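Student: fold the following for me, if possible:
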Amino acid sequence: MDAEIIASGTELLMGETQDTNSSFLSLHLPSVGLQVRKITIIGDDFEEYSEALHKAWEKSSFVFTTGGLGPTKDDLTREAIADLVNEKPSVNEEQLKILKSFFSARNSDMPETNIKQSWLIPSATAISNPNGTAPGWWVEKNNKFVIAMPGPPRELYPMWENEIKPKLISLLDNEVVMTRSYKTIGLSEARIDEMASPILGDENPYVGIYAKEDGIHIRAIAKAKDQNKALDILKNIDDKVEQIFGSYVWGIDNELPEESLLKLLISKKKTLGLMESCTAGTIANKITNVNGSSNSLHGGLVSYSDATKIQFGINEDSITKFTSISEEVCREMAIKAKDIFNADYGIATTGIAGNQQIKDIIPGTVFIGIADNSKVKVSKHLFPSNNRNAVKNRASTMAILSLIDFISENI
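Tutor: Residues are numbered from 1 along each chain as shown. Model (predicted):
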């Protein structure tokens, strides 16, 4: 069944705020049997909002709106929905009581402008929002639905999980849509497209390829009458992806390589030191975003310049002879990363994250070094160089995966 999303807010059009809500909903709606066909972003303009709602209402059974439920004149979602179904909003005493209690619990007087947040129309029921002042609206009329949610993600996400998703599951029992994302590293988008040709082109499951900052993702979408049948379809794709891509797939769905690495290090009571050049602390950032990282990460050093590399023990002659972007210098850096921080393992990166060639070294070239007390392994990689952050993210992901492989090989 088709769905559309309308995200409102002039700040979205101005680039001041990113529309993460539409991405969130697009990712989660298939799990309840809804496929997003269109996303529209509009500013705080009633005529534009009303026009967008009418068009979405004509084409889709479900319309989801985000934002515009605040207390100001620019918050127009309630007014636009009321116009859509030709109904007049009025104060709902129960919602007004809840709203006043919200402010009272915070020892604050409720401004008069907030009263509009207690409005309802005859076709709407309120959706509980304990994380903010704006309840959502669940509107049903002529076998069509408009579901209005607040803009702040800290309000929208729990509202989806606790209120909207369960209601949709009980309402939609005709089809299940399930997805699987396979995360790859080390292959270009064109190469993956070529290799994936045996699983591309079918409607069910539909398989698409998407470039992300941590690599290329392969996404499969399966439709079936129940969850078990959808899972069977995805299991078939699991097997084919494994046969085609093997170790190039480093994770599935929400897996993060840094979480896997920390579990491995903690289980073996091992520690890690970092010396990063082109990744500029990205590896350290990824690892320290995981709870418990201090148990294994002893420290990291951003040795971005040659002078800093030399200061922390890299042989100046090696840099002069091979350049700092070389297997030889990366090898020394990996050893120093381990030794400086008195760790069991060291990770080093050196390369070109930008788009300018240095001597005969092309942009996107990255050397990754892994060291323990007995050996050093250096690998050379070439990442798409049109985006500095993408190179840093992919190189740091590859570095973390390289250490996982290194440890696994020596178990």
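
Student: run through this protein and note the low-pLDDT ranges.
Tutor: Under the criterion pLDDT under 70, the flagged ranges of the chain are 173-174, 213-214, 410-411.

Student: rerun at 80
Tutor: In the predicted model of the chain, residues 31, 173-177, 185-186, 212-215, 247, 384-386, 408-411 satisfy pLDDT under 80.

Student: the residue most distant from the middle of it, which is it?
Tutor: With distances taken as Cα atoms, centre = their mean, the residue sitting farthest from the centre of the chain turns out to be D317, at 43.0 Å.

Student: how close does that residue get to T323?
Tutor: As for D317, its distance to T323 is 12 Å (criterion: Cβ to Cβ, to the nearest Å). The C-beta positions use only the backbone N, C-alpha and C, and glycine is treated the same way.

Student: and the residue farthest from the centre of the chain, how far is that from S324?
Tutor: With the distance defined as Cβ to Cβ, D317 ends up 12 Å from S324.

Student: quick one, strands of the stretch 101-250 of the chain?
Tutor: In chain order, the stretch 101-250 of the chain shows strands spanning 119-120, 124-127, 136-141, 144-149, 176-184, 206-212, 215-224, 249-252, with DSSP state E, counting those that start in this stretch as the criterion.

Student: okay, those strands, which one's buried deepest?
Tutor: Across the strands of the stretch 101-250 of the chain, averaging neighbours per residue (mean count of other Cβ atoms under 10 Å) puts strand 144-149 on top, at a mean of 24.

Student: can you give me the angle it makes with strand 136-141?
Tutor: Calculated by axes from the mean of the first three to the mean of the last three Cα atoms, to 10 degrees, strand 144-149 forms an angle of 170 degrees with strand 136-141.

Student: got a list of contacts for strand 144-149?
Tutor: Here strand 144-149 makes contact (Cβ atoms under 8 Å, 6 or more residues apart in numbering) with 21, 53, 57, 61-66, 68-69, 77-78, 81, 84-85, 127, 136-139, 155-156, 159-160, 164.

Student: filter those residues down to the buried ones, PyMOL style.
Tutor: For the buried members of the contacts of strand 144-149, the matching PyMOL selection, counting by 16 or more other Cβ atoms under 10 Å, is:
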select buried, resi 21+53+57+62+63+64+65+66+68+69+77+78+81+84+85+127+136+137+138+139+155+156+159+160+164
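
Student: which ones among the contacts of strand 144-149 lie within helices?
Tutor: By the criterion of DSSP state H, membership of the contacts of strand 144-149 in helices covers N21, L53, W57, T77, R78, I81, L84, V85, E155, L156, M159.

Student: from these, pick the one nearest S123.
Tutor: Nearest to S123 out of the ones in helices among the contacts of strand 144-149 is V85 (Cβ to Cβ; 5.3 Å).

Student: doesn't W137 make contact with the closest one?
Tutor: No. With the criterion set as Cβ atoms under 8 Å, V85 and W137 do not qualify as a contacting pair; they are 10.7 Å apart.

Student: walk me through the domains of this structure.
Tutor: Per automatic domain parsing, the structural domains of the chain span 2-171, 176-252, 257-409.

Student: mutual contacts of V85 and W137, please.
Tutor: By Cβ under 8 Å, 6+ apart, V85 and W137 have these common neighbours: I121, V146.

Student: looking at this structure, which helix is longest?
Tutor: Taking DSSP H as the criterion, the chain has its longest helix at helix 388-409.

Student: which parts of the stretch 251-400 of the chain are helices?
Tutor: Secondary structure of the stretch 251-400 of the chain (DSSP state H, counting those that start in this stretch): helices located at 257-268, 282-288, 306-311, 316-322, 327-340, 388-409.

Student: mind listing what's buried along the fourth one?
Tutor: The neighbour-count criterion (16+ other Cβ under 10 Å) identifies S318, I319, F322 as the buried residues of helix 316-322.

Student: and if you look at stretch 325-332?
Tutor: For stretch 325-332, using 16+ other Cβ under 10 Å, the buried residues are I325, S326, E328, V329, C330, R331, E332.

Student: I figured the second one hits T365, correct?
Tutor: No. Proximity of S326 to T365 does not meet the contact threshold set by Cβ under 8 Å, at 10.0 Å.

Student: what's near enough to touch A52?
Tutor: Residues counted as contacts of A52 (Cβ under 8 Å, 6+ apart) are I6, T40, I42.

Student: export stretch 62-75 to PDB, keeping only CA atoms.
Tutor: Written as PDB, here are the backbone C-alpha positions of stretch 62-75 (Å, rounded to 0.1, in the frame of the first residue of the first chain):
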ATOM      1  CA  PHE A  62      -1.700   7.100   3.900                       C
ATOM      2  CA  VAL A  63      -0.200  10.600   4.200                       C
ATOM      3  CA  PHE A  64       2.300  11.200   7.000                       C
ATOM      4  CA  THR A  65       3.200  14.800   8.000                       C
ATOM      5  CA  THR A  66       6.100  15.900  10.200                       C
ATOM      6  CA  GLY A  67       6.400  19.300  11.800                       C
ATOM      7  CA  GLY A  68       4.000  22.200  12.000                       C
ATOM      8  CA  LEU A  69       2.400  21.200  15.200                       C
ATOM      9  CA  GLY A  70       3.900  23.900  17.400                       C
ATOM     10  CA  PRO A  71       2.000  26.900  18.900                       C
ATOM     11  CA  THR A  72       3.100  29.600  16.500                       C
ATOM     12  CA  LYS A  73       1.400  31.200  13.500                       C
ATOM     13  CA  ASP A  74       3.900  29.400  11.300                       C
ATOM     14  CA  ASP A  75       2.800  26.000  12.500                       C
END
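
Student: now it, how far from the chain's geometric center?
Tutor: Mean-position distance between stretch 62-75 and its chain equals 24 Å (Cα atoms, centre = their mean, to the nearest Å).

Student: check stretch 183-203 too.
Tutor: For stretch 183-203 - counting by Cα atoms, centre = their mean - the centre lies 20 Å from the chain centre.
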